[in-house]
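1. Let me see the structure of the following:
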Amino acid sequence: MSSIAEVATSDADAKGAGLERGIDWTGAFWVASGVPPLVLFSIGAVAATVGKLSWVIWTASIAMGFIQSFTYAEIAGLFPNKAGGTSIYGAIAWVRYGKLVAPISVWCNWFAWSPVQATGSALAAGYILSGLFAPDAAINTWQLTLLDLGYLKTGLSLRINAVFVLGAVILLAVKFIQDGGILRSANTTKILGISAMIPLLLIGIVPLFTGDIVKANFFPLAPLAHDAMGHVADGTWNMAGITVFAAGMFLAAWSTYGFETAVCYTGEFKNPKTDTFKAIFYSGLLCVVVYTLVPFAFQGYLGLGSLVHPAVVDAAGNATTAAEYGGMLAPDIYSGMGVAAVMARMVHAGQIGGAVVVVMLILALVLSLMTSMAGSSRTLYQASLDGWLPRYLAKVNAHGAPTNAMLTNLAFNLVLLLLSDSVFVIGAANIGYLIFNFLNLNAGWIHRLDRPRQERPWRAPTWILAAGAVLSFANLAFMGFGADVYGAGTLKTGLIFAALIVPVFVYRHYIQDKGSFPKEMADDLQTVNGERIVKRAGIWPYVVLVAGIAVVAVTHRLAVY
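-> Next up, the predicted model:
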């Protein structure tokens with residue numbers, strides 16, 4: 001009887017805030033099941049960057065993500081009536097130590113997660129076009145260039161082509177489903193989730209029993225190296241090798257850490273006190289399975305490949321076109337467009353069965369789009385309620401879906417969809433993601449100090465919080481070393497975009513709200529259960545910030561490209 005009353009009270013509170021409590025942890029699990037298919041986004045780029053280290057990179061990265069998730073599970077339980085995910089909860093820790101630091105966490109989490117929609121719809125469109133038309137067909141080759149961005153990365157531009165047109169249609173379809181609210185989204189993602197997990201598990205398991213896993217494709221454990229002509233070889237663990245390793249860890253993190261989105265729906269859980277931890281824990285277990293099996297099988301099956309086209313040199317002996325390889329080093333594997341075709345062959349299902357696998361992988365990508373749109377739009381929504389972002393983002397429709405936030409996401413991703421290089425988009429977005437992770441992992445111990453007696457539905461062991469804080473600096477080191485491997489302007493682009501929150505927050509807080517936070521947010525900052533919250537972390541949050549900046553600066557200077 002008491003539990004029913006608690007749910008009813010929570011339901012009333014949530015409706016007052018605009019969102020409806022319509023799901024339990026299994027609903028969030030199915031929405032978050034769009035995270036495992038993110039392996040499709042960057043498995044090729046990571047493999048082409050690090051070579052035989054790829055399987056080690058993915059295993060280490062998902063292990064880090066799983067450890068970090070326990071910190072997020074604790075701080076999510078502190079605010080059972082808030083949606084928007086861990087960046088919202090982390091910002092509440094930081095705002096008491098710096099008003100301009102706190103919104104960076106929210107902003108960076110949003111612009112890291114949102115591009116899943118652009119890159120995923122581009123991959124889905126590419127899979128469809130590759131399956132229906134020959135590579136040299138007019139529909140696959142026409143392009144209208146709008147703007148050359150070669151100063152950021154060679155070959156980067158804004159363009160309109162068939163991938164953009166079809167990708168935009170896919171995005172609009174996902175937006176239509178999301179407009180029906182979280183319950184309809186959860187039910188849809190449950191169907192898509194089952195469809196997505198079947199091929200991913202088959203891809204990870206079948207090659208283990210068919211003899212397609214080649215031991216030579218895994219060893220020696222050395223970073224990939226290239227000479228001036230583009231020829232590949234096993235590198236050494238010098239600074240160039242460490243840079244390559246860090247680049248792999250940097251890009252993999254964008255996918256493997258993503259299951260923290262399971263706590264974006266705390267404000268929509270029927271029983272947030274128990275559902276929050278279950279959602280992130282079981283989502284994490286699913287990701288551990290997928291992110292260890294699939295990259296291992298993919299690498300064991302495909303290998304580095306052999307030389308396809310030698311380097312083209314000019315009269316002076318300088319390479320004008322680098323050597324081109326097959327296998328994991330093939331251009332279409334790096335871009336991700338050729339990954340589905342390889343995975344279809346891995347399950348030995350024949351031509352028709354292979355086509356079915358590709359279709360199911362397309363559904364897996366659509367599932368990722370739904371996960372991203374649901375999570376990132378709720379981050380914008382809650383950030384608006386809390387006074388971080390403009391007020392218009394707090395509007396919801398009749399189904400309790402944050403409609404203006406989703407429209408903002410859609411417009412942003414249509415612009416990103418114009419970009420010709422999705423790996424560059426992921427790299428720039430991941431700058432924001434690792435900044436968010438750094439701030440939020442340290443928010444765990446700040447909350448523990450400042451709110452020692454606040455009820456915690458799940459309390460992480462102290463060593464887990466400490467481990468998360470240490471890993472937060474490791475993530476920044478990966479960023480400093482490895483970001484610019486994916487384009488000389490990757491780190492700069494990401495940092496500039498992260499800084500854009502400053503004028504946005506200044507407008508909302510100091511112009512719209514006259515320097516005060518909305519009542520609900522102010523209450524969260526001042527008291528809990530009638531007890532006043534006291535700043536107990538002292539100078540340590542500031543020490544952490546300075547140390548984090550130093551880590552990025554030093555590692556970026558040490559990197560060898």
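2. Residue 445 contacts residue 467, correct?
-> No: Residue 445 lies out of contact with residue 467 (C-beta atoms under 8 Å); the separation is 11.0 Å. C-beta here means a position set from N, CA and C on the backbone, and glycine is covered the same way.
3. Which helix or strand lies directly C-terminal to the helix or strand harbouring residue 442?
-> Element membership for residue 442, per DSSP states H and E: helix 422-450. Note on helix 422-450: by DSSP H and E, the next helix or strand toward the C-terminus is helix 462-482.
4. Can I get that following helix in CSV? Just the C-alpha atoms.
-> What follows is helix 462-482 as a C-alpha-only set of coordinates in CSV (Å, rounded to 0.1, in the frame of the first residue of the first chain):
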residue,chain,number,x,y,z
THR,A,462,34.5,4.6,-1.6
TRP,A,463,37.2,2.9,-3.6
ILE,A,464,34.9,3.1,-6.7
LEU,A,465,34.5,6.9,-6.3
ALA,A,466,38.3,7.1,-6.0
ALA,A,467,38.8,4.9,-9.0
GLY,A,468,36.4,7.1,-11.0
ALA,A,469,38.3,10.2,-10.1
VAL,A,470,41.6,8.7,-11.2
LEU,A,471,40.0,7.5,-14.5
SER,A,472,38.7,11.0,-15.1
PHE,A,473,42.3,12.1,-15.6
ALA,A,474,43.1,9.1,-17.8
ASN,A,475,40.2,10.2,-20.1
LEU,A,476,41.7,13.7,-20.4
ALA,A,477,45.1,12.2,-21.2
PHE,A,478,43.5,10.1,-24.0
MET,A,479,41.9,13.3,-25.3
GLY,A,480,45.1,15.4,-25.2
PHE,A,481,47.2,12.7,-26.8
GLY,A,482,44.8,11.2,-29.3
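5. So for it, what gets flagged as buried?
-> Of the residues in helix 462-482, 464-465, 467-469, 471-482 count as buried by neighbour count, 16 or more other C-beta atoms under 10 Å.
6. got the angle between the next helix or strand after it and helix 462-482?
-> Using DSSP H and E, the next helix or strand after helix 462-482 towards the C-terminus is helix 490-499. On the basis of axes from the mean of the first three to the mean of the last three C-alpha atoms, to 10 degrees, helix 490-499 is oriented at 120 degrees to helix 462-482.
7. Which secondary structure state is assigned to the residue in the chain sticking out farthest from the centre?
-> Going by C-alpha atoms, centre = their mean, the residue of the chain most distant from its centre is residue 315, 45.0 Å out. Under the three-state scheme (DSSP: H, G, I helix; E, B strand; the rest coil), residue 315 adopts coil.
8. re earlier: buried stuff in the helix holding residue 442?
-> Applying 16+ other C-beta under 10 Å to helix 422-450 flags 422-450 as buried.
9. which residues in the stretch 151-300 of the chain form strands?
-> 157-161, 224-226, 232-234 (DSSP state E, counting those that start in this stretch).
10. Run through the residues that contact residue 62.
-> 256, 287-288, 291-292 (C-beta atoms under 8 Å, 6 or more residues apart in numbering).
11. Which helix or strand contains the residue nearest to residue 423 when sequence neighbours are not counted?
-> Leaving aside its chain neighbours, residue 423 sits nearest to residue 45 (4.7 Å; criterion: C-beta to C-beta, 6 or more residues apart in numbering). Using DSSP H and E, residue 45 sits in helix 39-50.
12. swap in residue 34?
-> Applying DSSP H and E, one finds residue 34 in no helix or strand.
13. And residue 147, by the same measure?
-> Using DSSP H and E, residue 147 falls within strand 143-148.
14. From the contact counts, what lies against that strand?
-> Packed against strand 143-148 by the contact rule (3 or more C-beta pairs under 8 Å, 6 or more residues apart in numbering; DSSP states H and E) you find strand 157-161.
15. Give me the local confidence score for residue 388.
-> pLDDT for residue 388: 89.
16. Helix, strand or coil: sort out it for me.
-> Per three-state DSSP, residue 388 ends up coil.
17. Sticking with the closest residue to it other than its chain neighbours, tell me its helix or strand.
-> Closest residue to residue 388 apart from its sequence neighbours, by C-beta to C-beta, 6+ apart: residue 103 at 4.4 Å. Using DSSP H and E, residue 103 maps to helix 102-113.
18. the inter-axis angle of that helix versus helix 490-499?
-> 130 degrees.
19. distance between helix 102-113 and the chain's centre?
-> Computed by C-alpha atoms, centre = their mean, to the nearest Å, the separation of helix 102-113 from the middle of its chain amounts to 12 Å.
20. Low-confidence regions, the stretch 101-250 of the chain specifically.
-> By pLDDT under 70, the low-scoring segments of the stretch 101-250 of the chain are 179-189.
21. any idea where the helices of it begin and end?
-> All helices of the stretch 101-250 of the chain, identified by DSSP state H, counting those that start in this stretch, fall at 102-113, 116-132, 138-141, 162-178, 182-210, 239-256.
22. For residue 367, which of those helices is the nearest?
-> Nearest of those to residue 367, taken as C-beta to C-beta: helix 182-210 at 4.0 Å.
23. Surely residue 498 is in contact with residue 431?
-> Yes: if you go by C-beta under 8 Å, residue 498 and residue 431 touch, sitting 6.6 Å apart.
24. what residues are shared contacts of those two?
-> By the contact definition C-beta under 8 Å, 6+ apart, residue 498 and residue 431 are jointly contacted by residue 108.
25. Check which residues of the longest helix along the chain are buried.
-> If you go by DSSP state H, the chain has its longest helix at helix 350-385. For helix 350-385, the neighbour count (16+ other C-beta under 10 Å) marks 354, 357-385 as buried.
26. how about the residue nearest to residue 423, what does it touch?
-> Here residue 45 is in contact with 251, 334-336, 423, 426, 486 (C-beta under 8 Å, 6+ apart).
27. among those residues, who's most crowded?
-> The residue in the contacts of residue 45 with the most neighbours, by other C-beta atoms under 10 Å, is residue 251 (28 neighbours).
28. Please report the distance of that one from residue 483.
-> From residue 251 across to residue 483, the span is 9 Å (C-beta to C-beta, to the nearest Å).
29. Now for these two: what residues contact both?
-> Common neighbours of residue 251 and residue 483 (C-beta under 8 Å, 6+ apart) are 427, 430.
30. related to what we said a few turns ago, helix 239-256 and the helix holding residue 103, what's the angle between them?
-> Using the same axes, to 10 degrees: helix 102-113 against helix 239-256 is 90 degrees.
31. start to end distance for stretch 91-106?
-> 7 Å (C-alpha to C-alpha, to the nearest Å).
32. Please identify the buried residues of that stretch?
-> By 16+ other C-beta under 10 Å, the buried positions in stretch 91-106 come out as 91-97, 101-106.
33. which other residues reach it?
-> Residues contacting stretch 91-106 (C-beta under 8 Å, 6+ apart): 75, 79, 84, 87-88, 90, 379, 383, 386, 388-389, 435-436, 439-440, 443, 446-447, 450, 498, 501-502, 504-505, 509, 521, 524-525, 533, 535, 537, 541-542, 545.
34. buried subset of those?
-> Among the contacts of stretch 91-106, those scoring as buried are 75, 79, 84, 87-88, 90, 379, 383, 386, 388-389, 435-436, 439-440, 443, 446-447, 450, 498, 501, 505, 509, 521, 524, 533, 537, 541, 545 (criterion: 16+ other C-beta under 10 Å).
35. dump the residue contacts of residue 310.
-> So residue 310 contacts 229, 323 (C-beta under 8 Å, 6+ apart).
36. same thing but 7 Å
-> By C-beta atoms under 7 Å, 6 or more residues apart in numbering, the contact list for residue 310 reads residue 323.
37. Roughly how far does it sit from residue 232?
-> As judged by C-beta to C-beta, residue 310 and residue 232 stand 12 Å apart.
38. How about residue 453?
-> Residue 453 is 57 Å from residue 232, by C-beta to C-beta.
39. now swap in residue 402 and tell me
-> With distances taken as C-beta to C-beta, residue 402 is found 47 Å from residue 232.
40. Neighbour count: those two, which is higher?
-> Neighbour totals were compared for residue 402 and residue 232, and residue 402 leads with 30 against 17 (other C-beta under 10 Å).
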